[in-house]
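K.L.:
Sequence and predicted model, in that order:
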Amino acid sequence: AQKVTQAQTEISVVEKEDVTLDCVYETRDTTYYLFWYKQPPSGELVFLIRRNSFDEQNEISGRYSWNFQKSTSSFNFTITASQVVDSAVYFCALVLGSDSWGKFQFGAGTQVVVTP
Amino acid sequence: SAVISQKPSRDICQRGTSLTIQCQVDSQVTMMFWYRQQPGQSLTLIATANQGSEATYESGFVIDKFPISRPNLTFSTLTVSNMSPEDSSIYLCSVLVLGDEQYFGPGTRLTVT
């Protein structure tokens, strides 16, 4: 069965510090997709990134970067120079590219608190 | 892309009553799903809403408690029946569109007293 583990429950940083969120996944499927979502206090889910299992290229988008390593089944997320607006819960999620397409397996989430 | 609206956005209900949540999408979608997020918890898939047939429920969720309808390609409802305080959650509709893009609705915050 598939599983997503976000071991960090909460991370507190001071503004401008970097913060890295860990995500470890388990699946026997060779085709799958990994996601990161942001959930601010308002509750809506904000899509950040999607990666498929065949693309291990790291990605950078502004202050956000992602490190995908199949060898360790990890898909870590780094916020550089954090800002107060980054305070939110961040979820890592896995979707299988088979009959389960569209069904997310979410991690427990990591609460990020950025203080001025 | 797809824009999803949910009604109501929030509600406070008494135990033993039922609430129906609506999910409307502005374009035809291939698949629709319902998720639950209990306070301080992650999101859990309740069921896949199938057009014209019974929904497919995940382990731990049953039709009697969470009946779902999907009369067409752009609309679905989730009913939370015979509510108890443990049903207090955010309920989110999610859709899969052509091109395999997935979107989440804004959620319905339910409090059961």
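P.N.:
Everything's here; your move. Numbering: from 1, shown residues only, chains lettered A, B, ... in the order given.
K.L.:
what ranges do the strands span in chain B?
P.N.:
Listed from the start of the chain, chain B has strands (DSSP state E) covering B:4-7, B:10-13, B:19-25, B:31-37, B:43-49, B:56-57, B:68-72, B:75-80, B:89-97, B:101-104, B:108-112.
K.L.:
how much does the fourth one deviate in direction from strand B:108-112?
P.N.:
Orientation check (axes from the mean of the first three to the mean of the last three CA atoms, to 10 degrees): strand B:31-37 against strand B:108-112 gives 40 degrees.
K.L.:
who touches strand B:31-37?
P.N.:
If you take CB atoms under 8 Å, 6 or more residues apart in numbering or on different chains as the criterion, strand B:31-37 is touched by A:101-104, B:23, B:25, B:43-49, B:66, B:68, B:70, B:76, B:78, B:89-96, B:104, B:107. For glycine as for every other residue, the C-beta is placed from the backbone atoms N, C-alpha and C.
K.L.:
switch to 6 Å and redo it
P.N.:
Taking contacts as CB atoms under 6 Å, 6 or more residues apart in numbering or on different chains, the residues outside strand B:31-37 that touch it are A:102, B:43-49, B:76, B:78, B:89-92, B:94-96.
K.L.:
Can I have the buried ones of those residues as a ChimeraX selection?
P.N.:
The buried residues among these can be selected in ChimeraX (16 or more other CB atoms under 10 Å in any protein chain shown) with this line:
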select /A:102 /B:43,44,45,46,47,48,49,76,78,89,90,91,92,94,95,96
